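Participant: Would you be able to build a 3D model of this:
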Amino acid sequence: MEISAVTSSSSSTSAVGAYYRENGYVIAEKLVAASLIDDLLDAYRREILPSKSKFYRQNTNRYEANVITEHGYVANCFLDIHSYRRFDALRRASLEILFHPSILAALNNITGFDDHNLMQSMLFDANTATPPHQDWWYLDSVPGGNLLAAWIALEDIHEAAGRFYVIPKSQTVNLHTAGNKSLSHSEWLKRVQQYCEENNSRLLAPAMKKGDVLFWNSRTVHGALPTKDGKFSRKSLTAHYLPSHMAFGNLFTEKDWINYHSYNEHRYFANQPEYSMKAMLISRVKQTLYDHPVALKLARKLQRHSISDI
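Facilitator: Numbering: from 1, shown residues only. Reported below is the predicted structural model:
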């Protein structure tokens, strides 16, 4: 039986946590108030949609200006909007949602932990057809498997827009090693894609309504279905949370060098700074290294040492 709502009662807390641990995801219906979503979208339309600035894009891993579709949507999505200092209305509206008591209570119900740090956010206007993956390759708790993410519908998502999906119970699957060999990033993505094709009948792409939230585990395979009709937007906000007492990293390393910022009493991290020539050059070097595990490991070690010497 699918649990469709998260409440704060003790019985539901137990049921929600058990469902999440077994299936790798859980859905909370109407968790985010429409007024909070409207504030975010108003700020987006005022500050971001008409902007000529470059933003870091999750789907291309580059700093790019907005690419507008024929129907008026931004085709390339946004990373870490919660740290947009130059666009303060959007930043504050996103943080009001991502640290809202309803979200924090749901996180507590799911994990059983009292406090969570915000580690990443993404904003989608149109669907970018994100390929299937598991988050823990990129970001996770240390030890792994305790980071979780939230996909928040900012409108009623039409089926033709390309819905978000998960593969239930895929959080138990190891797809990043073959024998004793650690796979490269591109090889790993191919294995995840193959896993999805072999388990297509298990794929779950729920009909999400405005304010609904789907939470999933860092190990759960997920992605987005292709867009069937570009006249439909797929406005959504995602966030990744870490139990605050745990270290941050991914499958390969612990990122003990990170610095947190605060919003009210809550802590957040932003991996990608706003656009500058320096930030763009650093991002290109990182992207070049990303498919070479040995070189990337060395670069991370050098980064840790350089920061510790400051």
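
Participant: Quick check: mean pLDDT of stretch 96-111?
Facilitator: The predicted model gives stretch 96-111 an average pLDDT of 97.

Participant: Sorry, wrong one. I was asking about stretch 168-182.
Facilitator: Mean per-residue pLDDT for stretch 168-182: 85.

Participant: Endpoint to endpoint, it covers what distance?
Facilitator: Using Cα to Cα, to the nearest Å, the gap from the first to the last residue of stretch 168-182 comes to 25 Å.

Participant: ok, so what distance separates the nearest residue to residue 86 once chain neighbours are set aside from residue 63?
Facilitator: Here the nearest residue to residue 86 in space, its sequence neighbours aside, is residue 274; by Cβ to Cβ, 6 or more residues apart in numbering that works out to 5.9 Å. Using the backbone N, CA and C atoms, a C-beta is placed for each residue, glycine as well. Using Cβ to Cβ, to the nearest Å, one gets 9 Å for the distance from residue 274 to residue 63.

Participant: sorry, back to before: who are the contact partners of the residue nearest to residue 86?
Facilitator: Contacts here follow Cβ atoms under 8 Å, 6 or more residues apart in numbering; on that basis residue 274 touches 55, 56, 83, 84, 85, 86.

Participant: for those residues, which one is nearest residue 113?
Facilitator: For the contacts of residue 274, the minimum distance to residue 113 (Cβ to Cβ) is 23.3 Å, reached by residue 83.

Participant: Tell me who's in contact with that closest one.
Facilitator: With contacts taken as Cβ under 8 Å, 6+ apart, residue 83 has the following neighbours: 91, 261, 268, 270, 273, 274.

Participant: can you give me phi and psi for it?
Facilitator: When quoted as degrees, to the nearest 10, the phi and psi of residue 83 stand at phi -120, psi 20.

Participant: I'd like the numbering to begin with 30 instead of 1 from here.
Facilitator: Got it, first residue is 30 now, which makes that one residue 112.

Participant: roughly how far apart are it and residue 139?
Facilitator: Taken as Cβ to Cβ, the spacing of residue 112 relative to residue 139 amounts to 24 Å.

Participant: any idea how far residue 227 is from residue 66?
Facilitator: 37 Å.
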